[in-house]
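Visitor: Here is a sequence together with a model predicted from it:
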Amino acid sequence: MFKESLQGIVDSTDGGLAGVVMDFEGIPLEVYTRNEGPFDMEVVGAEVSVVVKAIQRTTQMLEAGETKEVAFKSEKLTTLIRVINEGYFMAVTMTPDGNMGRARYLMRVCAPKLKKELEL
């Protein structure tokens, strides 16, 4: 289920390169890379997990509620992270001109399905 979900999001997003479902300790449950992307998505996901945990601590300190989504753009890549539940998140990486709105939508729709699957 995880691989199909990631593949659907990445392949349906213009500029989509790769996706990962990972726990907050940096252990990947599933990785999908379109056309053997130029980076190791497991390593990217492990590094991103540290950033997302720091953001979660900050939103708690600010009493801003739960972190739902984090995005960051660099010169060559855009990465969008969606928190699935307290233990897992998914991340999708795309080209800077990729369709971030489409990826956000697909991730938002997919997250409840993945959450349900993780609870089994």
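Guide: Cool, got the structure. Residues are numbered from 1 along each chain as shown.

Visitor: Please count neighbours and contacts with C-alpha atoms only from this point.
Guide: Fine.

Visitor: And the strands in this protein?
Guide: Ranges of strands in the chain, per DSSP state E, are 16-23, 28-33, 69-73, 78-83, 88-94.

Visitor: What residues sit buried inside the first one?
Guide: If you call a residue buried by 16 or more other CA atoms under 10 Å, then strand 16-23 has these buried ones: 16-23.

Visitor: Just put the residues you listed in a markdown table and tack on pLDDT and distance to Glu47.
Guide: Formatted as a markdown table, the buried residues of strand 16-23 follow (pLDDT from 0 to 100; distance: CA to CA, whole Å):
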| residue | pLDDT | distance to Glu47 |
| --- | --- | --- |
| Gly16 | 95 | 19 |
| Leu17 | 94 | 17 |
| Ala18 | 93 | 15 |
| Gly19 | 93 | 14 |
| Val20 | 93 | 12 |
| Val21 | 95 | 13 |
| Met22 | 93 | 11 |
| Asp23 | 92 | 12 |
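
Visitor: Which pLDDT value does the model give the residue positioned nearest the centre of the chain?
Guide: With distances taken as CA atoms, centre = their mean, Ala91 lies nearest the centre of the chain, 1.3 Å away. The per-residue pLDDT reported for Ala91 equals 94.
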